[in-house]
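Q: no sequence for this one, just the structure:
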Ligand SMILES: [Zn+2]
């Protein structure tokens, strides 16, 4: 696990159990400590908790699930006495697919997973004004994706909407994804973090946007070879309906 300070009040925890980096992002405000995504289970979230306990002991925690996929929500059970916030559809998807995902990916469980659903959901946005933290619906990678904007530090946590080298498409509504990425470009942000990226700038948004637009236009030759090929092929299979579900 790597720990990186971001801006004046952010901490990025990056884990590598899945063979790709996966992030948990913490924002420390006057009133609360926000934990965005809970990774693979209660055991692996304990160092994050310990870190928070040492630095910010006693402050109420607010947990956020960027979307419903298993690699972002399995640690929720450690936080049953806290607010756990997500999009309404994220909770629905967890209820629908959670058990199947748990069985399918059980090799990655870190601790005993008790599927724990969000206890506060929204459809459009929710703003903690005193903390300058905004959560808002940003459908893209999935329909249930939300982003978290630290308005104080101008940091955007974009969940799996931003990926290297190109995003995984798991929603067929590409126009919606394009709207979300174009919206990111208009934000007054300097640091952008995806669910599996490092600390990025707007170039990654532009690159991901270029890809999604080209998929929509059917102009994807440049993504059919090299580092993109495998991701792109999976996306095409998904979009054409031959693959039931990706991770
Ligand atoms: Zn993910």
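A: The structure has been received and is ready for your questions. Computed from a predicted structure; not experimentally measured. Numbers count the residues shown, from 1 in each chain.

Q: Which parts of this structure are strands?
A: Under the criterion DSSP state E, strands of the chain are mapped to 2-6, 10-15, 22-28, 33-36, 61-64, 83-87, 120-122, 125-128, 133-137, 146-150, 155-157, 191-193, 199-200.

Q: How about the fourth one and the ion, any contact?
A: No - no part of strand 33-36 sits near the ion under the criterion C-beta under 5 Å from the ion; the closest distance found is 12.4 Å. (C-beta placed from N, C-alpha, C; glycine too.)

Q: Show me what that strand is in contact with.
A: The contact list for strand 33-36, computed with C-beta atoms under 8 Å, 6 or more residues apart in numbering, reads 24-28, 48, 52, 56, 59-64, 66, 79, 131, 133, 148, 157.

Q: surely residue 192 meets residue 202?
A: Yes - the pair residue 192 and residue 202 qualifies as a contact (C-beta atoms under 8 Å) at a distance of 6.7 Å.

Q: Up against the ion, what does this protein have?
A: For the chain, the residues in contact with the ion (C-beta under 5 Å from the ion) are 71, 160, 195.

Q: Run through the residues that contact the residue nearest to residue 206 when sequence neighbours are not counted.
A: Setting aside the residues directly before and after it, residue 206 is nearest to residue 185 in space (C-beta to C-beta, 6 or more residues apart in numbering), at 7.0 Å. Contacts were defined as C-beta under 8 Å, 6+ apart; by that measure residue 185 touches 202, 205-206, 209.

Q: Residue 119 too?
A: Each residue near residue 119 by C-beta under 8 Å, 6+ apart is listed here: 83-84.
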